[in-house]
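Asks: How does the following fold in three dimensions:
(4 chains)
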Number of protein chains: 2
Amino acid sequence: MEERSILGFALLGLLEKQPMSGYDLRKIFASSAMGSFSDSPGAIYPALGRLEKRGLIRGALEGSSSLRRRRVYRITPKGMAAFKAWLRKPVTRDDVIRHSNHLMLRFAFMDQSLGAEHAVRFLNEFADEVAGYLPSLRQYLEMHGSGMPFSGRLAVEFGMQEYKTLLRWARKSIALYERRRRNET
Amino acid sequence: MEERSILGFALLGLLEKQPMSGYDLRKIFASSAMGSFSDSPGAIYPALGRLEKRGLIRGALEGSSSLRRRRVYRITPKGMAAFKAWLRKPVTRDDVIRHSNHLMLRFAFMDQSLGAEHAVRFLNEFADEVAGYLPSLRQYLEMHGSGMPFSGRLAVEFGMQEYKTLLRWARKSIALYERRRRNET
DNA sequence: AATGTCATGTAACTAGTTACATGATTTA
DNA sequence: TAAATCATGTAACTAGTTACATGACATT
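Replies: Next up is the predicted model:
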């Protein structure tokens, strides 16, 4: 019962927090901040259908018959399990290079679903993997930079800045978790 | 003759610089730095086929018959025109939010294909659009931040850092172009 | 009465992933 | 001669985009 689309997991994460209709979910994606998701009905409704078919969520028509038909979905225990398994996957180099948005989405849901301790562990993995990748990018720029057009070099330079920002953010976030933990006890 | 996949444009851009085989292109994508592209044959070869069918590139079997069969593609005038039209598209808010990698790819090829002047103009557009978007993200965080889990808040915070990095980078790059121009004259 | 928003859906098209297949040439 | 690499391709599956369709209810 593998769910492979990132959209599916985003939906699971939102439904874990609170049962909602497809329309509610679309509104969340439309009001941005959830970045890279489409709010088009052609993406959301089929995705919900797939999740339901796999038993990860279950929809029910809401309220009395005179109301607008409104299908409210809630996550099932099986869906919870699948979602948490996704959150728990190890951080790979490939994720860092090609799917850093997936990693960020997982993190965003992490302490809601698995708790702060796990979130910190995740950030450490994330930071380590980024720190390991940065030197190879730097090396690439040194090796191939001279043969590239100026704008190409600048684009790679931006890539490095991005990963540096990510690393700074991860470390700072770890520190913030630490401070929060101390203040709570 | 619309080409809508970003992979198609990446291929056009690389082939504009130098005719190559599918295998060469795969190697480029495999040796990272071109970030988010897959080097899988199932992506590259069909994409090349589509481009050829649309007349944007043309492949020819290379060398004598005893050689390994190796299809070398080169960009056609029609392909050049389509590629430049893509580069010249205006920078939209939607691009900034959901497709900043497209924008970065366009920029990477920009002064090779359209010249430095156009690259600077593009960076200005880009920077303006980002600067216009940032406040709304900040506002979102202020409005909804308190209702979000801690890791969610941190994730949005990272988004903001990312856009700030982008803005800094764009402005610095504009300055570098300026300096370069002065040194050349 | 007309327009706007709520709410869900579907069909056609395009494209990427994974996995498999094939055969030539080079290196150990 | 076995293994690695060069080189190209295809098939099945999954998913997203765009555009269209439908109807209930609310607002002006």
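Asks: Quick one: residues contacting the residue of chain A found nearest DNA strand C.
Replies: Distance from DNA strand C to each residue of chain A (CB to the nearest atom of the strand) is smallest for residue A:23, at 3.0 Å. Heads up, the C-betas are built off the backbone N, CA and C, glycines and all. With CB atoms under 8 Å, 6 or more residues apart in numbering or on different chains as the criterion, the residues that contact residue A:23 are residue A:70.
Asks: from the chain's centre, how far out does the helix or strand residue A:111 falls within sit?
Replies: When secondary structure is defined using DSSP states H and E, the element that contains residue A:111 is helix A:100-113. Helix A:100-113 sits 4 Å away from the centroid of its parent chain (CA atoms, centre = their mean, to the nearest Å).
Asks: ok, now stretch A:38-52?
Replies: Distance, centroid of stretch A:38-52 to centroid of chain: 17 Å (CA atoms, centre = their mean).
Asks: Report the mean per-residue pLDDT for that stretch.
Replies: The average pLDDT within stretch A:38-52 is 95.
Asks: Would you mind writing the CA trace of it as CSV?
Replies: Extracted as CSV, the C-alpha positions of stretch A:38-52 are listed here (Å, rounded to 0.1, in the frame of the first residue of the first chain):
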residue,chain,number,x,y,z
SER,A,38,-1.8,23.0,-7.0
ASP,A,39,-5.3,23.8,-5.8
SER,A,40,-6.8,22.5,-9.0
PRO,A,41,-9.8,20.2,-8.6
GLY,A,42,-8.3,17.9,-11.2
ALA,A,43,-5.4,17.2,-8.8
ILE,A,44,-7.1,17.2,-5.4
TYR,A,45,-10.3,15.1,-6.0
PRO,A,46,-8.6,12.2,-7.8
ALA,A,47,-5.9,12.2,-5.1
LEU,A,48,-8.5,11.9,-2.4
GLY,A,49,-10.2,9.2,-4.3
ARG,A,50,-7.0,7.2,-4.5
LEU,A,51,-6.3,7.6,-0.8
GLU,A,52,-9.8,6.4,0.0
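Asks: before we move on, the earlier item: report whether the helix holding residue A:111 contacts chain B.
Replies: Yes. Judged by CB under 8 Å from any CB of the partner chain, helix A:100-113 comes into contact with chain B through A:104-105, A:107-112.
Asks: and residue A:87, how many neighbours does it have?
Replies: Each residue near residue A:87 was counted by other CB atoms under 10 Å in any protein chain shown, and the total is 20.
Asks: Quick check: it is in a helix.
Replies: Yes. Counting by DSSP: H, G, I helix; E, B strand; the rest coil, residue A:87 is located in a helix.
Asks: Surely it and residue A:111 touch.
Replies: No. With contact taken as CB atoms under 8 Å, residue A:87 and residue A:111 are classed as non-touching, separated by 10.1 Å.
Asks: List the buried residues for the strand or helix carrying residue A:46?
Replies: Assignment of secondary structure by DSSP H and E places residue A:46 within helix A:41-53. Within helix A:41-53, the residues scored as buried using 16 or more other CB atoms under 10 Å in any protein chain shown are A:44, A:47-48, A:50-52.
Asks: Turn these into JSON lines, including distance to DNA strand C.
Replies: Converted to JSON lines, the buried residues of helix A:41-53 look like this (distance: CB to the nearest atom of the strand, whole Å):
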{"residue": "A:44", "distance to DNA strand C": "8"}
{"residue": "A:47", "distance to DNA strand C": "10"}
{"residue": "A:48", "distance to DNA strand C": "7"}
{"residue": "A:50", "distance to DNA strand C": "11"}
{"residue": "A:51", "distance to DNA strand C": "12"}
{"residue": "A:52", "distance to DNA strand C": "9"}
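Asks: and the residues you listed near DNA strand D, which?
Replies: The overlap between the buried residues of helix A:41-53 and the neighbourhood of DNA strand D (criterion: CB under 7 Å from any atom of the strand) consists of A:47, A:50.
Asks: ok, so of the buried residues of helix A:41-53, who is nearest residue B:124?
Replies: residue A:44 (35.8 Å; CB to CB).
Asks: ok, the closest one - contacts?
Replies: Contact analysis of residue A:44 by CB under 8 Å, 6+ apart lists A:7, A:11, A:22, A:25-26, A:29, A:38.
Asks: What are the phi and psi values at residue A:55?
Replies: Listed backbone geometry of residue A:55 is phi 80, psi 20, with angles given as degrees, to the nearest 10.
Asks: before we move on, what about the one 3 residues further on?
Replies: Torsion angles at residue A:58 (phi, psi; degrees, to the nearest 10) stand at phi -140, psi 130.
Asks: what do you get for residue A:5?
Replies: Residue A:5 has phi and psi values of phi -80, psi 140 when expressed as degrees, to the nearest 10.
Asks: got the contact list for the nearest residue to it once chain neighbours are set aside?
Replies: Using CB to CB, 6 or more residues apart in numbering or on different chains and skipping residues adjacent in sequence, the residue nearest residue A:5 is residue A:47, 6.8 Å away. Neighbour list for residue A:47: A:5, A:7-8, A:11 [criterion: CB under 8 Å, 6+ apart].
Asks: now do 10 Å
Replies: For residue A:47, the contacting residues are A:3, A:5, A:7-8, A:10-11, A:22, A:25, by CB atoms under 10 Å, 6 or more residues apart in numbering or on different chains.
Asks: so which of those residues is the most crowded?
Replies: The most crowded member of those is residue A:11, carrying 29 neighbours; neighbours defined as other CB under 10 Å.
Asks: Residue A:73 is in contact with that residue, correct?
Replies: Yes. Contact between residue A:11 and residue A:73 holds when scored by CB atoms under 10 Å: they sit 8.1 Å apart.
Asks: anything in contact with each of the two?
Replies: With contacts defined as CB under 10 Å, 6+ apart, the residues adjacent to both residue A:11 and residue A:73 are A:20, A:22, A:25, A:48, A:51, A:56-57, A:79.
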